[in-house]
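[1] Structure of the sequence below:
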Amino acid sequence: YNQDLDIIIKNKTKGGELIITANGNPYLFKEVELLVHHAPIVERWKITAFLQPETNLTKYEIGTDKPLEYYGITLRISEMYFIPLENPNKPTDLGIKVLLKNYIIHKENSRLREAVYVHIEHLIGEKSFANDIAFIEIGQWEGDNENQIELYNLKSYIDIEMDN
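    I've put the predicted structure just below:
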């Protein structure tokens with residue numbers, strides 16, 4: 001159908017879920033929506049358009065989330081923070097600086113940016129990632145700071161910003 005689209009299969013005991021993703025490419029969003037709209041109904045399978053935002057944040061809040069490994073980069077969302085950034089030339093654009101505990105270890109890894117993007121996309125959902133965040137910087141977490149927000153609260157932050 002389109003080689004730039006991907007699928008994610010989630011098996012569950014009472015059925016499964018097939019997620020069609022555009023890998024965050026907004027130019028392919030319409031194709032994903034059409035494909036899911038015209039997909040056949042398959043018993044015990046849910047067919048979903050796009051990676052959806054994570055709704056159960058408890059594991060991040062209490063720090064029991066599993067580290068996600070991506071090309072040798074191990075990151076835990078519960079150990080990631082962000083600081084909102086503004087672009088004076090485009091005040092409506094939301095940017096963030098993601099702060100990692102182990103940035104120093106991974107900063108030379110060419111896959112670091114990709115790893116951070118994948119984590120954020122899984123956390124806030126594919127459409128929000130593509131549409132709501134204009135730019136992302138990455139840096140070292142230096143310890144508690146009143147300006148930083150836990151990364152797992154990013155979706156709530158975006159929702160509040162979009163309402164203003």
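[2] Surely residue 98 forms part of a strand?
    Yes: counting by DSSP: H, G, I helix; E, B strand; the rest coil, residue 98 falls inside a strand.
[3] helix or strand for residue 154, which one?
    helix 154-163 (DSSP states H and E).
[4] Likewise for residue 147?
    With DSSP H and E as the test, residue 147 turns up in no helix or strand.
[5] Surely it touches residue 83?
    Yes: with contact defined as C-beta atoms under 8 Å, residue 147 counts as touching residue 83 (5.2 Å). Every C-beta, even on glycine, is put in place using the N, C-alpha and C of the backbone.
[6] Neighbour count for these two, which is higher?
    Between residue 147 and residue 83, residue 83 has the larger neighbour count (other C-beta atoms under 10 Å), namely 15 against 9.
[7] where does the most centrally placed residue in the chain fall, helix, sheet strand or coil?
    Computing the C-alpha centroid of the chain and ranking residues by C-alpha atoms, centre = their mean puts residue 121 first, at 1.6 Å. Here residue 121 is helix, with the state taken from three-state DSSP.
[8] how close does it sit to residue 70?
    12 Å (C-beta to C-beta, to the nearest Å).
[9] cool, and residue 99?
    18 Å.
[10] What of residue 114?
    Distance from residue 114 to residue 70, by C-beta to C-beta: 7 Å.
[11] Give me the more crowded residue out of those two.
    residue 70 (17 against 13).
[12] Need the pLDDT of that one.
    Looking at residue 70, its pLDDT stands at 88.
[13] My guess is it contacts residue 112. True?
    No: assessed by C-beta under 8 Å, residue 70 is found out of contact with residue 112, at 9.0 Å.
[14] shaky segments in this structure?
    164 (pLDDT under 70).
[15] Tell me where it has strands.
    Applying DSSP state E to the chain gives strands spanning 6-12, 15-21, 45-49, 68-70, 73-75, 80-87, 90-100, 135-140, 149-150.
[16] what lines up beside the third one in the sheet?
    So the one you mean is strand 45-49. Applying DSSP bridges, strand 45-49 is found paired with strand 15-21 (parallel).
[17] Repeat that for the shortest one.
    Using DSSP bridges, the strands paired with strand 149-150 in its sheet are strand 80-87 (antiparallel).
[18] residues making contact with the strand it pairs with?
    With contact meaning C-beta atoms under 8 Å, 6 or more residues apart in numbering, strand 80-87 is reached by 93-101, 119, 134-135, 137, 141, 145, 147-151, 154, 157, 161.
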